[in-house]
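>>> Sequence and computational prediction follow.
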Amino acid sequence: MSFYDNPDALPPKGVRPPIIGPGQDLGTVTDRIGGVVLTRHTPVFWIIIFAIAAMLAGMLQTAIGYLLFKGVGIWGINIPVGWGFAIINFVWWIGIGHAGTLISAILLLFKQSWRTSINRFAEAMTIFAVMQAGLFPLIHTGRPWLAAYWLFPYPSSMGVWPQFRSPLIWDVFAVSTYFTVSFLFWGIGLIPDFATLRDSAKSLVVRRIYGMLAMGWRGSARHWNRYETAYMLLAGLATPLVLSVHSVVSLDFAVSVIPGWHTTFFPPYFVAGAIYSGFSMVLILAIPFRYLYGMQDFITLRHLQNCAKVMLATGLIVAYSYGMEVFFAWYSANKYEWGMMWNRMAGPYGHYYWMLILCNIVLPQSLWFNRVRSTPWLLFLVSLVVNTGMWLERYVIVVVSLQRDYVPSSWGMYWFTKWDVMTFVGTMGFFTLLFFLFIRFMPAISIFEIRSLLPQSKVKE
Amino acid sequence: MAKKNDTNLNLIPASAIKPASLDLDGVRRKLADAKGPKYWRTLEELSNEEAFGEMLEREFPRQASEWLDPVSRRGFLKLAGASLALAGLAGCTKQPLEEILPYVRQPEELIPGKPLFYATAMPFSGYGIPLLVESHEYRPTKIEGNPDHEGSLRATDLFSQASILDLYDPDRSTIPTHMGEGTSWGAFVGEIRSTVLAQKAKQGAGLRFLTGAVSSPTLGSQMHAVLQQFPQAKWHRYEPVHRDNMRQGSKAAFGNYYDPVYNFAAADVVVSLDGDFLSGAWFPGFIRYARDWASRRKQPDKQPMNRLYVAESSSTTTGMKADHRVAVRPSEIEKIARALAAKVGAGGSGEQLTPEQQKFVDVAAKDLGEHRGKSVVVPGLYQPAAVHALAHAMNSALGNIGQTVSFIDPVEIDPVEHTQSIRELADDLKSGKVDVLVVMGANPAYDAPVDLEFESLLKQFSEQSGRVLIQLSCYRDETTEYAHWHMPETHYLESWSDVRSYDGTATIIQPLILPLYGGHSMHELLTVFGGQPASSGYDLVRAYWQTQHTGADFEQWWRRSVHDGYIANSAFPVRQVSARTGAIPSSASAPGGGIEVSFRPDPCIYDGRFNNNAWLQETPKPLTRNTWDNVAMISPAHAERLKFDQLKDQNDHQSDAQNIIEIEFQGRKVQAPYWAQPGHPDNAVTLFLGYGRRKTGRVGSGYGYDAYSVRPSNAQYTGVDSKISRLDKQWHVAVTQGHFNLAEPSNKDFSIDQREPVKAATLEEYRKDPHFAAKDKVTQENEAPGPDETLYPDYRGSNWYKQYAWGMAIDLNSCIGCQTCAVACQAENNIAVVGKEQVQRGREMQWLRIDTYYQGDAANPQAHFQPVPCMQCENAPCEPVCPVGATVHSTEGLNDMVYNRCVGTRYCSNNCPYKVRRFNFLLFSDYDTPSLKLGRNPDVTVRSRGVMEKCTYCVQRINAARINSEKRGNGPEDRIRDGEILTACQQACPTDAIIFGDINDPNSQVSKLKSDPRNYAMLADVNTRPRTTYIGAVRNPNPELESGEKA
C-alpha cells in the first residue's frame, strides 16, 4: 500500500515540482482546507486514530499517577545511571519541537515561500512536542510537587532563589520561553484563518466560536499591515530561540564533568540534531496527512523534497559531529574520554551505538537520490528511521555515558521498566491526540498564506 | 545503672569518647606482559577476548526478561521488616488514646538532646566484645567500642555495630507461648514447678540444658549450682562455629585446654595457617589483633613493617592482605604445616609439596627462623587439631611463646568440645533419657550437625507425652516449632549479665533499656531451676561478683567496674606452657580424592543468628560484594572446567545471574549459586553458613541456601570427597560492585590499570620513590593539577576555610575490608535498607562503600580494599549543577546536603565522578514501625522519598563538637581539638585506617597523614580537589619469593 498517486508522479528530469498543485484558485483553497474543519462529517480514520491516541494518553495518565504515588523508583534509573528514559524523551521531544519554529521563523525571514504549506502544522507539532517534552523534567524529579515551583524564581518569603549556575534552571527559562513564543507565533498566524472559518461557517455556534478566536479580524489593510509587522517581529524573536533552546538543553550535559557529556561542541551538534529530527517528524506527519485528506495539491512533492534536503544537510552535520566526538576522544589522549568512546562502541550498549550510526548516518544517505526524495512512502520510512536514530542518540549520550564513568567499581547497567515504556509511548499518544484535535478543529494549512501563493494573488506593480 | 559520665567517681575521662591515641594461561601471559602492578577485579576482566561480543548478544534479552519479571516490584513490597515491610499496616491501625506526661523532675544527668554513654559488652560466640553505647533520652542508638578496654580501643566489628538493630527488630519474639498459645512468664514459672520437682526426685536424670558457648561467670556459677542440685543433669553446648579444633589442638600440644592470645604488635613475621585473624569477630580478639597488625604497617619507613604469609583453603580478606599467600585445599594445609614445622625445627619430617608450596614453605621458614621470638604462627579454627598442635610446636620452637603468643585458661566456662557435646545430647534424646530439655540461646533444629537429625529428634521428643522442651530465644525460629514453652529472650542491651573478652577480662553487661518485649535473660530462666533465691538479673550478677570481690569497698568497686566497662585486673594470667615434643599424630581427614568442601561462617550474618538483621544482610560481603545471599565459592579454573560462562554470568553489575551448582557431600546434596572466586583453591568449594532459614523474621526469610543441610558432625569445617555438578538453573545474586571487563587488551586506556583508583607499591619501590602514589602512571608527573590551574577564584580568597577545614585520610595499607565502617555509618546516619531487588537495580543506600580491586594472578591475587565515602571536593562537581541549591559548600569545606530543599533531579549524582551519592528512589525509610523509631539517631534526619543523600563527614558530630568548643570560649585554645570529632566510620575502624580532622591544624593527625609522601587523591587529574585522600598501600614481599612469583 503506498501513498503513491497521480499528483506524486515524478516530474520530468530538471523540472521541480510546483509548490502548489495546478488548478487551485482562491475558492478551492479555502474550501479544501477550511472544509476539513467545517465539515460535520468526521472521517472514520480520524475516529480510530483518535481513539487509540486517547487510550495511550490514558496510559500516560496512569503511568504518571503511579509515579506520583510510588516515586521515580518505578523506572529503571539507578546509581550510576541517574537519568534514563525521562531525560532521553525530553531531549527527543524538544528536538522534534525544533522544526516548527525553524520553518515558521527562519524560513519566513529568508522568504522561503514553500514553507507556507507546512508551517501551520509544523508549529502545532512544535507546541505539542514541547508540551510532551516539558512534562518530563517535572515528573522525573524525586519530588515533583516541589520542583514544580522551586525551579522558578518566585519571591519566596525566605529569600531562597533557584541556583542560577545550574543548567537545569537555564532549561526552565529556555523551554518556557520557547513554548511561549512558539505559541504566540502560532496563535497570531491563526487569526486570519479563524476569520476565514468564521466567515464560511454555516452554524451559528461555530461562527461564534471562530469569531471569538479571530478577535475581530476584518481583513482591512490596516489589519494586514499591523499583522505583517507583528508577525515579522515575532519571527525575529523566535529565530534566536531556535538555536538557543537546544543549545541550552545540550548544556545540561556539556556543563557536567562526565566523559561523553563534557564536550564544548554540544550546542551546534544538538541544534543540528534537533532540526534533523524535527524535519523528519514534519514528514512523518505531513505524508499521511496529505494522503488522508487529499492535500497533495498543497503539500506537494516540492515540500517533501525540500524537507528531505534539510534533513540531508543537518544529517551530515550530525554525522560530522559523531566523527568529531570520536576524534576528540582520541586526540585528547584522555583516558576517561577514550574509555567512554570505547565503551560506546564496544561496551554492553555498543549495539545501540551502531544502530544509531545506521539510523542517523547510513540509511539517510539514501536521500541523496532524487527518487527517494520524491517517493513519499520511502521518505516516510527514512523519517521514521531518523527519529528512531535520534532517540537512540540520546540514549547513548544519557545512559551510556553515565553507565561507566570514572571509577570502575561504580559502573552499572540500566534496564528500563514497563513504566518507562508506558510513559514514553503515552506521550506519543498524547501528542497524537493533540495533533488530531488540531487537524479537526483548526486549519492545518495556512489558508491565507496559501492563497498568497496562487497566481491570482500576484499583483503586478 | 552506673553511667559512663558519673561524676561521683573520679575515674572518668574528660569526655566519654576518648580521643584516640590513636582461562588462566592467557591471563598469566597478559599479566606477564604488563609493566608494574596490574589491577583487576574479576577473572573475566583478565581473560576476555570476546567479552564485548558476549555482552552484545546478551543485552536485549536481559531487558526483556527484566521487563516481565513480576517479582521486582512486588518483592520490594514485602521487603525487609527493619526497613519497609508492613509499614502501611501500622499506619492503618487506629492509635489508642494515650496520655503523655512531661518530666516533673528532670532525671539526673539527662539533658534532652545530649547523649549519655554507657559501657557494656556484647556476648558473641562465647566471647565478649567491649562496647560503649550511646543513649539518647535512655534509648540506645549507637554502638561504639569501649576506648578504655584493651580488647576494643574504641573499635568494633560489624556484628556489634549492627546488633542495635536486633534490639529494635519488630520481628523479635514478643510473647511467651505454651504449645503455641500465648502465656506469661508467671504462668510458666508456676506450671513448670512440678516438672522441676519431678526432676529433683530423679536427681535431674532427665534434665538437659543446651546453650551456646558461655563465658559469663555468673551464668557459669548459676549453672554449677543447678548441676549441684541436679547431679545427673547435663549441660550441653553447641556453637555452630565452635572451637573444637582449637581445643583438641591445645590438648594435643599442651595436654590441656588453653586459649591462645596473640600479640601481633610484636610480630615481625606472621604465618597464618587458615588463621583468618583479619576477617571477623569469630576469631577471638579480632578487633585488637587487627589494630596490632595494622600498627606494624602504617609507617613503613619509621618502623619495620611486618610480613604476613598466609596459607589458606578459601579466599578470605586475611589472605588477600597477605604479602605472600598460597591457596591450597583444606587437607593440604596440614601438609604445609608439617613441612614448615620440619623446617623451623619443631620436629617431624617434611611432606611432598608442589614446587610453589615448597617455595612458600622454604621462604616462610627462613623468615621465621630469622625472627625468633618476633614471629608467630597462627592456626585457624577450620583446621584440624594437628595443625593447631603443629603451630604451637612451631611457636614453641621459635621462642615465640610468651613473646608474640601466650596461653591462658579458656575463657569459655567449663570448655567442652561442642560437636561431641551435641552428639551426646542427640544420643540421650534418641535413647529417651531426656525428660526436660532447656534450650537457651541456641537453635539446634537449624544448625546442629545434619547427621544427628536433630530436628526429627526434637519432633519425636516434643510429641511424646510428659516431655518438656523449654526454649529461651530472641526469635521464634526453627526450634520454636517443637518447643512446648517458648520464652522471649532479652537482648544484651536489655539485661544484666557479664562476659569475658578474648583475654579473660570480665565486663559487667549493663542494660540500657528495659526489655522492649518483656523478655527474660538466661540468668532469670535458670532461677526457675532453683539455683538461687534472687530472681532479677541485676541481683544475680551483683550477688555473684560480691562473692568474687569481698572487700568492704565492694560498692565502689562495683560502680567502678560497671562504669568502666571492665573489671580491673580480671584478665586471665598467662600460663607457662611448653609444647610437648614428639610426633603429632596426623588428623583423621587424610587427603582424599574428589573435591574438598569447607564450611565457613558467613562474613556478614555469621552462623545465621544475624539473619534477620537487614543492615547485615545488605552489607556487601567482603571480596564477593554480594548481598542478601550466600554463594558457593569455587576456583575460576574449576568454573572453567564446569563450562560455566563466567563472562556471561558475572559481567554486569547489580544482578549477577549465577548458575546453580549441586554439591554432594556424604550422600547429601545442596544447591547453591556458584561463585568463581579469584584466589580460591582449585578442587575445593567453600560453603557459607547461616542462610536458607526455614523460620525466621521477615527480613531473613527466603534468601540463600542452607549449608547446614550438608554439614555432618564428622566434617564440621572441612571434608573430602564431595562432588559438584552443574545445574541449568540460575540464581540472581545482588552484587554492589560491578563485574565488568576492564582490562580490554585492545584498549589499555580503559583498564583499571590506567585509572588506578588504588595505588600500591612494594616496600622496595616505595623506598625508591616515596611519592609513587601521587604520580600518574604513564607520565610520571604529578597527577593533581596545580592549585593555580583554574580560572576561578579560590575559596580561600573569599575568607573561607579560615576557621576549620575538615579533611580525611584513609590508609589503604591498614584497611582490611571488614565492612565495620559501612555498618557504623548506616547506624549513625539512619541509612535505610532497600532489599535485594533494589540492590539488584543498583539502588543500595550505604553511604560508605568499600571497593575491592585485585592485583596479580587470578589463581592467587592480592586485593586492595578502598573505603569510599563522599570525597567532599573543594571543586565539587555536584554543587553547581543543582537547580535549587540543595547541595552547597560550607565555609569549612563540606559539601552540605540540604534534604529539605532537594527536589531530586539526580544531576548531582550524575555529575559525581566518584558516584558516592545515594538517592531515595522510593520511600526506603520506614516511617511507621514504632520500634525502629526508637533506635534512630535523633541528630540525623530520616530521609524521605525523592531526596538525594550522601556522606556528611558526620556533620552532626562536628556540630556537637563546635557547640562544645564555643562553650569553652572563643580563644585559639578553645578550638575543636584534634580527635574531639571522630566520624562514625573512623570510630568503628578496627585498624584505625580512617583519620578525620582539621587540615588547617598542621599538628592534627590528619594533616600529618596527608603530608605523608604516599598521600594521593583519587581521580586527582579531574581536579575536584577532594578533601578525602588515600595513603597508598605498601606491600612487604619477601624479595626471595617476589621474584619467583612475578615470573
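Looks like it arrived, so ask away.
>>> burial of the residue in chain B that chain A sits nearest to, as a residue count?
Proximity of chain B to chain A (C-beta to the nearest C-beta) peaks at residue B:904, 2.0 Å away. All C-beta atoms are positioned from the backbone trio N, CA, C, and that covers glycine. Counted by other C-beta atoms under 10 Å in any protein chain shown, the residues lying close to residue B:904 total 27.
>>> SS state for residue B:693?
coil (DSSP: H, G, I helix; E, B strand; the rest coil).
>>> list the contacts for it?
B:446, B:477, B:478, B:608, B:611, B:700, B:701, B:706 (C-beta atoms under 8 Å, 6 or more residues apart in numbering or on different chains).
>>> just the buried members of the residues you listed?
Among the contacts of residue B:693, the ones that count as buried by 16 or more other C-beta atoms under 10 Å in any protein chain shown are B:446, B:477, B:478, B:608, B:611, B:700, B:706.
>>> give me the number of residues near the residue lying closest to the fourth one once chain neighbours are set aside?
Nearest in space to residue B:608, with sequence neighbours left out and distances taken as C-beta to C-beta, 6 or more residues apart in numbering or on different chains, is residue B:690 at 3.7 Å. Using other C-beta under 10 Å, residue B:690 has 29 other residues around it.
>>> pLDDT value on residue B:690, please?
The confidence metric pLDDT takes the value 90 at residue B:690.
>>> same deal with residue A:70?
For residue A:70, the model assigns a pLDDT of 92.
>>> what's the answer for residue B:40, then?
Here the pLDDT value assigned to residue B:40 is 57.
>>> one step back: among the contacts of residue B:693, which one lies nearest to residue B:1041?
residue B:608 (38.9 Å; C-beta to C-beta).
>>> Which stretches in the stretch 751-900 of chain B count as strands?
For the stretch 751-900 of chain B, the strands defined by DSSP state E, counting those that start in this stretch occupy B:760-762, B:806-811, B:849-855, B:862-868, B:887-889, B:895-897.
>>> Tell me the spacing between the nearest residue to residue B:536 once chain neighbours are set aside and residue B:541.
Using C-beta to C-beta, 6+ apart and skipping residues adjacent in sequence, the residue nearest residue B:536 is residue B:524, 7.1 Å away. Relative to residue B:541, residue B:524 is positioned 11 Å away (C-beta to C-beta, to the nearest Å).
>>> Just want to know which of these two has more residues nearby.
Comparing residue B:524 with residue B:541 by neighbour count (other C-beta under 10 Å), the higher total belongs to residue B:541, at 27 against 24.
>>> if we can go back for a sec, could the strands of the stretch 751-900 of chain B be laid out in JSON lines, adding distance to residue B:841 and mean neighbour count?
Formatted as JSON lines, those follow (distance: least, C-beta to C-beta, whole Å; neighbours: other C-beta atoms under 10 Å in any protein chain shown):
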{"stretch": "strand B:760-762", "distance to residue B:841": "33", "mean neighbour count": "21"}
{"stretch": "strand B:806-811", "distance to residue B:841": "28", "mean neighbour count": "26"}
{"stretch": "strand B:849-855", "distance to residue B:841": "16", "mean neighbour count": "23"}
{"stretch": "strand B:862-868", "distance to residue B:841": "20", "mean neighbour count": "24"}
{"stretch": "strand B:887-889", "distance to residue B:841": "23", "mean neighbour count": "20"}
{"stretch": "strand B:895-897", "distance to residue B:841": "22", "mean neighbour count": "22"}
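>>> Tally up the residues packed near whichever residue of the stretch 51-200 of chain A sits closest to chain B, please.
At 2.0 Å from chain B, residue A:142 is the closest residue in the stretch 51-200 of chain A, using C-beta to the nearest C-beta. A count of nearby residues for residue A:142, using other C-beta under 10 Å, gives 23.
>>> so the nearest residue to it once chain neighbours are set aside is in which element?
Distance criterion C-beta to C-beta, 6+ apart; nearest residue to residue A:142, sequence neighbours excluded, is residue B:904 at 2.0 Å. For residue B:904, there is no enclosing helix or strand under DSSP states H and E.
>>> unless I'm mixing things up, the residue of the stretch 51-200 of chain A closest to chain B is touching residue B:946, no?
Yes: with contact defined as C-beta atoms under 8 Å, residue A:142 reaches residue B:946; the gap is 2.5 Å.
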